[in-house]
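J.: My questions concern the predicted model and sequence given below.
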Amino acid sequence: MANLALEVGRTLQPEAVMFWILAPIAVAAALGMLFVKKAVHSALLLAWVMITLAIFYIAQDALFLGIVQVVVYTGAVMMLFLFILMLVGVDSSDSLVENIRGQRPASIVAAIGLGGLIISLISRATLGVETVGLQDANSAGNVQALAQALFTQYVWAFEVISALLITAALGAMVLAHSTSTKSRTAQRDQSIARFRGASLATAAGLPGSGVYARHNAVDVPALLPDGSPAPTSVSATLDARGDMLSSKPFELEAKEVEED
Amino acid sequence: MVTSSNLVFLIALPLFSAGLLLLLGRIADKWGHIFATLISASVFVIGLIEFFAMQGRDGEARAATQKIFEWISVGSFHVDASLLLDQLSICFVLLISGVGTLIHIYSIAYMSHDHDRRRFFAYLNLFIAAMLLLVLGDSYLNLYVGWEGVGLASYLLIGFWNQKPAYATAAKKAFVANRVGDVGLSLAIMIAFTQFGTVTFAGVKESASGASAGALTAIGAMLLLAAAGKSAQFPLQSWLGDAMAGPTPVSALIHAATMVTAGVYLITRSNFIFDASPTAQLMVVCVGAITLLFGALIGTAKDDIKKALAASTMSQIGYMILATGLGPVGYAFAIMHLLTHGFFKAGMFLGAGSVMHGMNDEVNMRRYGAIGKVMPITAATFGLGYLAILGVPPFAGFYSKDKIIETAFNAGGTEGILLGGATLLGAAITAFYMTRVIVLTFTGTKRWDENAHPHESPFLMWAPMAVLAVGSVASGFLLSSGSALVNWLQPVVNEHHEHHAEEFLPPMVVSAMALAVVALGVAFAVLKYRTVPIVAPENVSAFTKAARKDLYQDSFNEAVFMRPGQKLTSGLVRTDNKVIDGLVRMVGWVIQTCASSLRIIQNGYVRSYALIMVFGVLALVTAVWMVTL
Amino acid sequence: MDISNYIYLSALLFTIGAIGVVVRRNAIVVFMCVELMLNAANLAFVTFSRVHGNLDGQVASFFTMVVAACEVVVGLAIIVTIYRSRRSASVDDASLLKR
């Protein structure tokens, strides 16, 4: 790095090796998030980036944050993402065809501009201090030191943020909660509806599907006493799917009956 | 000068009654007319009490005042709402309330079939209140309130049957013409205030002697304009003929006996201004002389009985105005003619109303004829009024009109001869057109519509006519015997006891001349109207055509004022639509155009907004980058 | 190796996250990109904490995580609600402001 670079000191060799292995992978994964079609893949790539970051945290003497990153972020938050993805439809792949005119070129310009400018700025920035390192600060242990800071200096912010968390939880419940507009139909209501219906033919309930020795018969209509098939005995879904079979092979032949 | 606490009731009573009848609405339909009449009568009684109280006092102390409240007090400008009842005012108070009461009584019968009779009586009482305020106000500003009030009452009553568009238009015409005069009055008040710092009669009178001739002439001219508007004098006379659209009692009360004479009152009341400005006086006599001939000429051609009488009113007020222009001597005669005219013209108008009442509201005299036989009382009262207006001795007009003619001659020099000639000519034409009215209406052959069944009017209608007829017979003699009215008014209008030293002609000669021309006019009319075609002949002289059209005054007004005014208005409307509205619309258009081009940015996509935010960050970072370079 | 490399990495990840927000249409992926940006910021915090030798950066990073968790919870609830009513998780479909 040039003289004007952020003069913050250098790291030990092992950390450099780790960085140069993990950092490109993290960047590649982040870039991959932009290009993969499926949201699930994006989520997995993000999880990977987060784990990389967790390793970086630990490498930089932020043990607690690294663990939290893995447990809370990668563990809880990303699982939440995946839950929602499942809820919305894990198969729903994102069409990558842009439909806002000029959005993509403008985005590329913004990306190069923003990235270039920030990196250029960082390269020109000076902090004026040598890297201190956290050996002193973490002397009593990272978690203890952090707890010390959180519950003394930052206790007010801590309380506020806890209130925020509770509020967010409540808000999410309110948002996600849906009240059904009508009460669920109970057995009693169904029974009443059947007797109030136009025809009393089905008042006793629909007939069960046909039960035959050669077939499990859920998709085969039952036969009525006169020998004709009863399509209502098969679930409407199967019928709509086209999976309803014919009951013809199972009908008794009339002549045989007469001969008996 | 004494203080009287009764004066306010003269105005408050009818005002209260008007408000009550208007506010109560239909509830008061049953008794409203009787209530209003009683109020009017009680006003007359109060007037009489004040009159007798006044007679009990000596000359200078006869006037009575009452301060009602302090009206305006701004810096050095103070106006009290206070009333002044002096010898001049009491004449008007008695005339207004007396004739007013008679006409109230008459209207009970005349308007009995009108379902809005209560409203009519409310307006009549409103008029009485306003007119009394006009004559009782002790300052020009108080007078102005009454002046506007009678204008309003006149407007409401002319347009009383405003369901007919022509009548509503007539009311508007009267209102607008009056407004021109009102502007004159307000200007006069403003000039008086700037010049004298006060608007009370007493204050202006005090300051007038030391004022510049120009200011006095300006005030006088503006007052004359006001008088011309209210009293239908040239050049603002055109509204009076159309004002006959109102019910006949209104024509009798407002447009013959009282309101139209307000101009005469105004000039007489302002005698100190006119006496100090010969130029203004000259203007007054000119207007009076022109109008008296103008009105008389119009009267010769009108077939509508009310319009003929209206033209006559215009002409007779011309006499009065002329008299007021003749200086201190003339005022008393103007007022005397005003009073006598109030009796005989109101009587004749009521007579005309009576005829119309019997003839299904027919007003065309060519459809009358021989009504005297079926309506003897109406004919008799009308005839007495006729003799009075002609100036036949010993009827009222003889005493008042001949005095005016005489005074006009006595003005001296060429002016005297011209004015005297004009008044004599006016008397001759008056004789002609009044005879024409009599001949066409009461004598000759029947020219009625088949549906007409003329009959004598009920008692309530002929009784007031009879009372007024008595007035037309006796009032002249009573008022002039021993110069009663002249002496009575002297403290107000002629403090210095002026009179013309030399007489141009002896009174007997003037009377003889007047009688001679009257006889000529009568004879000519009788000869000319031996036969009367039912439809007015078309092939008449240009002069008759002009007179039928009110001597083209309406056409002149329309061409000179109305059409350019309409053009100006429509031009302004166009300017408003195109320029002003155009500007406003352009602002809207600019905003709309900007908005619709900026709207494209708002495509509703969250990602676009996010990108814009990213560019914002980019701009920010760029700025930091530049700064730290 | 220079410690500033962590900062460069952080800047790169942040930029990639920002572009992801702008480019991807699936609301969940957009959300994940936001998470990526937050994580990138966290990395910078942790690195600066190390440079300065005190734990303020780590505390800030901790708070960021909590806020991120809140945001995820509420944001995903919103996505579920929108999905429930519109049968779509695409951010372009929720463009009612257009009309």
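T.: Great, that's in hand. Numbers count the residues shown, from 1 in each chain, chains lettered A, B, ... in the order given.

J.: And the contacts of the helix or strand hosting A:S191?
T.: When elements are assigned from DSSP states H and E, A:S191 belongs to helix A:187-196. Residues from elsewhere that reach helix A:187-196 (C-beta atoms under 8 Å, 6 or more residues apart in numbering or on different chains): A:T185, A:T202, A:A203, A:G205. Any C-beta I mention is one placed from the backbone N, CA and C, and that applies to glycine too.

J.: can you tell me which of those residues lies nearest to chain B?
T.: A:T185 (39.3 Å; C-beta to the nearest C-beta).

J.: Give me the local confidence score for the closest one.
T.: The per-residue pLDDT reported for A:T185 equals 79.

J.: go on, the one 3 residues further on?
T.: Per-residue confidence at A:R188 stands at 85 (pLDDT).

J.: residue ranges with poor pLDDT in the chain?
T.: The chain I'm using is chain A. A:1-11, A:89-96, A:127-128, A:180-181, A:210-217, A:252-260 (pLDDT under 70).

J.: meant chain C actually
T.: For chain C, the ranges with pLDDT under 70 are C:94, C:97-99.

J.: try 90
T.: C:1-5, C:21-29, C:50-55, C:76-99 (pLDDT under 90).

J.: ok now the lengthiest helix in it, how far from the chain's centre?
T.: Taking DSSP state H as the assignment, the helix of chain C that covers the most residues is helix C:56-86. Its chain's C-alpha centre and that of helix C:56-86 lie 9 Å apart, by C-alpha atoms, centre = their mean, to the nearest Å.

J.: Can you confirm whether that helix lies near chain A?
T.: Yes. Remark: helix C:56-86 sits within contact range of chain A at C:56, C:58-59, C:61-63, C:65-74, C:76-81, C:83-84, by C-beta under 8 Å from any C-beta of the partner chain.

J.: Show me what that helix is packed against.
T.: helix A:63-68, helix A:78-88, helix A:142-151, helix A:155-176, helix C:27-52 (3 or more C-beta pairs under 8 Å, 6 or more residues apart in numbering or on different chains; DSSP states H and E).

J.: I'd like the ones you listed laid out as CSV, including distance to chain B and mean neighbour count.
T.: Below are the helices and strands packed on helix C:56-86 laid out as CSV (distance: least, C-beta to the nearest C-beta, whole Å; neighbours: other C-beta atoms under 10 Å in any protein chain shown):
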stretch, distance to chain B, mean neighbour count
helix A:63-68, 26, 21
helix A:78-88, 17, 18
helix A:142-151, 30, 16
helix A:155-176, 18, 14
helix C:27-52, 8, 24
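
J.: among the ones you listed, which is nearest A:G116?
T.: helix C:27-52 (16.2 Å; C-beta to C-beta).

J.: Does chain A have contacts with the closest one?
T.: Yes. Helix C:27-52 comes into contact with chain A (C-beta under 8 Å from any C-beta), by way of C:28-29, C:31-33, C:35-36, C:39, C:42-43, C:46-47, C:49-52.

J.: give me phi/psi at the residue of the stretch 251-400 of chain B found nearest chain A?
T.: Going by C-beta to the nearest C-beta, chain A is nearest to B:D361 of the stretch 251-400 of chain B, at 75.6 Å. Here is the backbone geometry of B:D361 (degrees, to the nearest 10): phi 60, psi 20.

J.: With A:L224 instead?
T.: Taking degrees, to the nearest 10 as the convention, A:L224 sits at phi -80, psi 170.

J.: Please name the residues that touch it.
T.: Shown in contact with A:L224 (C-beta under 8 Å, 6+ apart): A:P207, A:A230.

J.: Distance-wise, check it relative to A:P207.
T.: As judged by C-beta to C-beta, to the nearest Å, A:L224 and A:P207 stand 8 Å apart.

J.: How about the residues of chain A by chain B?
T.: Neighbours of chain B within chain A, by C-beta under 8 Å from any C-beta: A:100, A:103, A:106-107, A:110, A:113-114, A:117-118, A:120-121, A:124-125.

J.: Look up the closest residue to residue 84, ignoring the ones flanking it.
T.: By default, I'm working from chain A. Distances taken as C-beta to C-beta, 6 or more residues apart in numbering or on different chains put C:L76 closest to A:I84, at 4.9 Å, once the chain neighbours are dropped.

J.: please go with chain C instead
T.: Computed as C-beta to C-beta, 6+ apart, the closest residue to C:R84 that is not its neighbour in sequence is A:S178, at 6.7 Å.

J.: Double-check that that neighbour belongs to a strand.
T.: No. Assessed with DSSP: H, G, I helix; E, B strand; the rest coil, A:S178 is coil; it does not lie in a strand.

J.: Enumerate the residues of chain B near chain C.
T.: Contact residues, chain B versus chain C (C-beta under 8 Å from any C-beta): B:Q602, B:N603, B:G604, B:Y605, B:V606, B:R607, B:A610, B:L611, B:V614, B:V617.

J.: Turn the residues you listed into a markdown table, including neighbour count.
T.: Listed next are those as a markdown table, based on neighbours: other C-beta atoms under 10 Å in any protein chain shown:
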| residue | neighbour count |
| --- | --- |
| B:Q602 | 12 |
| B:N603 | 16 |
| B:G604 | 13 |
| B:Y605 | 20 |
| B:V606 | 17 |
| B:R607 | 21 |
| B:A610 | 18 |
| B:L611 | 24 |
| B:V614 | 22 |
| B:V617 | 15 |
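
J.: what touches both of A:L224 and A:P207?
T.: A:A230.

J.: Give me the most central residue, chain A.
T.: Nearest residue to the geometric centre of chain A (C-alpha atoms, centre = their mean): A:L82, 1.9 Å.

J.: Quick one: distance of stretch A:120-131 to the chain centre.
T.: 40 Å.

J.: ditto for stretch C:86-99
T.: Relative to its parent chain, stretch C:86-99 has a centroid offset of 21 Å by C-alpha atoms, centre = their mean.

J.: Excluding its own residues, what touches it? List them.
T.: A:88-89, A:92, A:94, A:99-100, B:602-607, C:25-28, C:30, C:79, C:82-83.

J.: The closest residue to chain A within the stretch 51-200 of chain B: neighbouring residues, count only.
T.: Nearest residue of the stretch 51-200 of chain B to chain A (C-beta to the nearest C-beta) works out as B:Q163 at 62.0 Å. Residue neighbour count, defined by other C-beta atoms under 10 Å in any protein chain shown, stands at 8 for B:Q163.

J.: Is it in a helix, a strand, or coil?
T.: coil.

J.: Now do the contacts for it.
T.: No residues are in contact with B:Q163 under the rule C-beta under 8 Å, 6+ apart.

J.: And the pLDDT at it?
T.: So, for B:Q163, pLDDT stands at 87.

J.: One more: B:H496?
T.: 68.

J.: coming back round to it: pull up the gap between the residue of the stretch 251-400 of chain B closest to chain A and C:Y83, please.
T.: 86 Å.

J.: ok, and which of the residues of chain B next to chain C reach chain A?
T.: Among the residues of chain B next to chain C, chain A is touched by B:N603, B:Y605, B:R607, B:L611, B:V614, B:V617 when using C-beta under 8 Å from any C-beta.

J.: Now tell me which of the residues you listed the prediction trusts least.
T.: Among those, B:N603 has the lowest pLDDT, at 78.

J.: my read is that residue is in a helix, agree?
T.: No. Using three-state DSSP, the assignment for B:N603 is coil, not a helix.

J.: Surely it and A:G102 touch.
T.: No. B:N603 is not in contact with A:G102 according to C-beta atoms under 8 Å; the separation is 10.6 Å.
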